[in-house]
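Student: Next come a sequence and a model predicted from it.
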Amino acid sequence: MPSFVKIVRRAVPAPLGWYTRYMVATYARYTFLATCAILAIALTIDLTLFLSKVLSALPPQHGSWNALYLARYLILRSTDFLAELLPLIAFVGVFWAEISHTYARERLIVWFSGRTLLQCLLPALIFGLLIGSTQLMLNFYLRPAAVTAMAQDRLGSYGERFDPRPILYPQWFAVGRDVIQAVIEPGEPPSLRDVRIFRMNDALSLQTLFRAKSARPAGRNEWLLIEGYGWSPPRDAGGQAPAGGADDPDVTGTKTSFRQKAIHLPLSPAWLNNRRINARYLRHEVFSVLQKEQFSPNSEFRTWEQARWSLTAFGLALTLLAASLSQLFLATRIELWRLAVIAGCGYVANTFMKVSILLGEHGQLHAAVAAWFVPIFVLCVCVMSARANRIG
């Protein structure tokens, strides 16, 4: 009986044996090289555009301290770039490793050893799971923390776009059919100053104008207006409000003053505090709060609520795509058109993923479809490629 077990072990390759460990290490090595090359290019372009602004935000010190602050910025920006580019980088790294594997004739030796196709794809599956886990950590924690740090220190493009300091002039934003102009004062909870709320009816004609000195949250979907008035315009025969407003002497209407007035307004305090930050950069705790809130427009947030998870699957899918297509097209030889087909498939998949998420952010696709269609489709392509390779 022991001799039979030894024969079986020699005849059936171990799925987690030497080959798997060797290929996972090879994928990691080439992916690391691809990461260094792509990040070097991306950081060079970024510094070309924003170096002067980064240096102007540094503290008034000299020598090595400024170099340390610049190094900190590069680390933070690299984290942001890595979250954006990791699936594509993993594809490049695995593709590069597979080319080297074929060029060195290692693939023929492995197949002559009796290893099955699925066992040959096992290293890519394991490495893809590692890439997916890294992408998950980047999306949930590392990237939001890096972008928040750059915004607080006013470094680079995020220092301009997501500057946490209050804006001193009125902002315009819409909540459902309500159009609001106010000065936003962030806080816990946030408040509004110099408030104007233009409430529209179903025909998108002005129904009520509220003006108030300030406003603060008074409960779920409820805000308290302080020291102001409400004005309802007269209606013509067609039910339309005339041009003008409460301050126009030629326009009459119903004007009611108040010291305090509670109105229904589905304006989320958490969204108001973070409205200047794109959904992909929001911290995990902010996501947890906004998941329970109702606000509009919410297409960007709902898309990234799904995309933070689907990008994990996309990293796995691109890794398997590079490995499965390489086994199909680079089984015995390397030709330029074969390399072009594989590289083109990876580029097209990555582009479609970006476009799909953008369509979801703008409300042109349902959030789940925008986030999950491309990863699932790419995984199906991997399965079909593996079956074609097996039949061939």
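Tutor: Structure's in. What do you need?
Student: Let me know whether Arg280 touches Trp304 as I believe.
Tutor: Yes. The pair Arg280 and Trp304 passes the contact test of C-beta atoms under 8 Å, sitting 5.2 Å apart. The way it works is simple: take the backbone N, C-alpha and C, and place the C-beta from them, glycine included.
Student: out of the two, which sits in the more crowded spot?
Tutor: Neighbour comparison, Arg280 and Trp304: the larger count goes to Trp304, with 25 against 21 (by other C-beta atoms under 10 Å).
Student: That one - nearest residue in space that isn't next to it in sequence?
Tutor: Ala279 (4.0 Å; C-beta to C-beta, 6 or more residues apart in numbering).
Student: next one: Thr256
Tutor: In space, Thr256 comes closest to Gly230 once its chain neighbours are excluded; the distance is 5.0 Å by C-beta to C-beta, 6+ apart.
Student: mind checking pLDDT for the residue nearest the centre of the chain?
Tutor: In the chain, the centroid-proximal residue (C-alpha atoms, centre = their mean) is Arg280; its distance is 3.6 Å. Reading off the confidence values, Arg280 has pLDDT 93.
Student: ok, the residue nearest to Thr256 - contacts?
Tutor: The neighbourhood of Gly230, defined by C-beta atoms under 8 Å, 6 or more residues apart in numbering, consists of 208-211, 255-256, 258, 261.
Student: repeat for Leu88
Tutor: Counting by C-beta under 8 Å, 6+ apart, Leu88 makes contact with 318, 346, 350.
Student: Turn those into a markdown table, columns for neighbour count.
Tutor: Conversion of the contacts of Leu88 to a markdown table gives the following (neighbours: other C-beta atoms under 10 Å):
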| residue | neighbour count |
| --- | --- |
| Leu318 | 30 |
| Gly346 | 21 |
| Asn350 | 18 |
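Student: Mind picking the one among these that's closest to Arg275?
Tutor: For Arg275, the closest of the contacts of Leu88 turns out to be Asn350, at 29.3 Å, with distances computed as C-beta to C-beta.
Student: Is the nearest residue to that closest one once chain neighbours are set aside within a helix or a strand, and which one?
Tutor: Distances taken as C-beta to C-beta, 6+ apart place Leu88 nearest to Asn350, at 4.8 Å, with adjacent residues excluded. Using DSSP states H and E, Leu88 maps to helix 64-103.
Student: That helix: which residues count as buried?
Tutor: 69-70, 73, 76-99, 101-102 (16 or more other C-beta atoms under 10 Å).
Student: before we move on, the earlier item: could you pick out the one among the contacts of Gly230 with the lowest pLDDT?
Tutor: Across the set of these, Lys255 stands lowest in pLDDT, at 86.
Student: what about Asn273, distance to Gly187?
Tutor: With distances defined as C-beta to C-beta, to the nearest Å, the gap from Asn273 to Gly187 amounts to 8 Å.
Student: Have a look at the two and say which one is more surrounded.
Tutor: Neighbours were tallied for Asn273 and for Gly187 using other C-beta under 10 Å; the higher tally belongs to Asn273 (18 against 12).
Student: ok, now which ones touch that one?
Tutor: Residues near Asn273 by C-beta under 8 Å, 6+ apart: 186-188, 190.
Student: With Val289 instead?
Tutor: With C-beta under 8 Å, 6+ apart as the criterion, the residues that contact Val289 are Ala270.
Student: mind listing what's buried in the strand or helix carrying it?
Tutor: For Val289, the element it lies in under DSSP H and E is helix 284-290. Neighbour-count burial for helix 284-290, with 16+ other C-beta under 10 Å as criterion, is recorded at 286-287, 289-290.
Student: circling back to that earlier point, got a winner among the contacts of Gly230 for most neighbours?
Tutor: Within the contacts of Gly230, most neighbours by other C-beta under 10 Å means Phe210, with 24 neighbours.
Student: returning to that earlier point: let's have the contacts of Leu88 in CSV, adding pLDDT.
Tutor: Supplementary listing: the contacts of Leu88 in CSV, determined by pLDDT from 0 to 100:
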residue, pLDDT
Leu318, 97
Gly346, 96
Asn350, 97
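Student: ok so, going back, what distance separates the helix holding Val289 from the centre of its chain?
Tutor: The gap between where helix 284-290 is centred and where its chain is centred comes out at 14 Å by C-alpha atoms, centre = their mean, to the nearest Å.
Student: returning to what we had before: the contacts of Asn273 in helices, which ones?
Tutor: Restricting the contacts of Asn273 to those inside helices, with DSSP state H as the criterion, leaves an empty set.
Student: ok so, going back, okay if I get the contacts of Gly230 as JSON lines plus secondary structure?
Tutor: What follows is these, written out as JSON lines (DSSP: H, G, I helix; E, B strand; the rest coil):
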{"residue": "Thr208", "secondary structure": "strand"}
{"residue": "Leu209", "secondary structure": "strand"}
{"residue": "Phe210", "secondary structure": "strand"}
{"residue": "Arg211", "secondary structure": "strand"}
{"residue": "Lys255", "secondary structure": "strand"}
{"residue": "Thr256", "secondary structure": "strand"}
{"residue": "Phe258", "secondary structure": "strand"}
{"residue": "Lys261", "secondary structure": "strand"}
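Student: Fine, thanks again, bye for now.
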